[in-house]
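**Student:** Using only what follows, build the 3D model:
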Amino acid sequence: MSTTTEPTDRLFGALPYLLPLVYALPLGIPFLRQFPILSIIYVPLQPLIRLYSFPFAGLIIFFVLYSAVVRNSRISHFIRFNTLQAILIDIALILLSIVIQLFGFGSGGILIETLSNVAFLGTLVACGYAMVQSILGKYAELPTISQAAYSQLPY
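**Tutor:** Numbers count the residues shown, from 1 in each chain. Purely as a prediction, here's the structure:
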């Protein structure tokens, strides 16, 4: 779906995707150890990473974004859609982290490292794509995630 969007809407549509990038960082540690030059991606995100270090910061940010942005009909659909997509990516990462902890994969191993790398790189690609699409003023179509966002946010 494409629409004419204001430049400020484009910027505010791209910003929420920074949150899943920060949340994916612990999953990317094995990958970033192998390719340390790529950790430069996270240099501009340091203030946000520090904010996430406070207890319950992620949960508070989630509720603020959901109640103040996603459910606020006075905010443009474009911003609300992108915010909801970013939240859904975040939820998927949280569920993956719970599964990893629940099944005791915290000790390491090739399976958990591969799963972590795939989740990290998938998040990096999905968020990068969605941010570029937002800056271009287009709705980012991410399989399953976009469908869920559209079903929760009718025009």
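
**Student:** buried ones in the helix or strand hosting residue 121?
**Tutor:** For residue 121, the host element (DSSP states H and E) is helix 110-135. Buried residues in helix 110-135, counting neighbours by 16 or more other CB atoms under 10 Å, are found at 112-113, 115-117, 119-120, 123-124, 126-127, 130-131, 133-134. Every residue, glycine included, has its C-beta placed from N, CA and C.

**Student:** Looking at those, which is nearest residue 8?
**Tutor:** residue 134 (11.7 Å; CB to CB).

**Student:** Quick check, the closest one in contact with residue 140.
**Tutor:** Yes: at 6.5 Å, residue 134 and residue 140 qualify as touching, with contact defined as CB atoms under 8 Å.

**Student:** what sits against the residue nearest the centre of the chain?
**Tutor:** For the chain, the residue nearest the mean C-alpha position is residue 20 (2.5 Å; CA atoms, centre = their mean). Residue 20 sits next to 86, 89-90, 93, 123, 126-127 when contact means CB atoms under 8 Å, 6 or more residues apart in numbering.

**Student:** Please repeat the previous calculation with a cut-off of 10 Å.
**Tutor:** Listed by CB atoms under 10 Å, 6 or more residues apart in numbering, the contact partners of residue 20 are 85-94, 123-124, 126-127, 130.

**Student:** ok, for it, nearest residue in space, not its chain neighbours?
**Tutor:** In space, residue 20 comes closest to residue 89 once its chain neighbours are excluded; the distance is 4.1 Å by CB to CB, 6 or more residues apart in numbering.

**Student:** Report pLDDT for the one you found.
**Tutor:** On pLDDT, residue 89 comes in at 96.

**Student:** count of neighbours near it?
**Tutor:** 24 (other CB atoms under 10 Å).

**Student:** and what of residue 151?
**Tutor:** Neighbours of residue 151 using other CB under 10 Å come to 8.

**Student:** measure residue 70 to residue 137 for me?
**Tutor:** 20 Å (CB to CB, to the nearest Å).

**Student:** These two - which one has more neighbours?
**Tutor:** Between residue 70 and residue 137, counted using other CB under 10 Å, the more crowded position is residue 70 (21 against 16).

**Student:** in the protein, which spans are helices?
**Tutor:** Taking DSSP state H to define them, one finds helices in the chain at 7-14, 18-34, 46-52, 57-65, 77-102, 110-135, 145-152.
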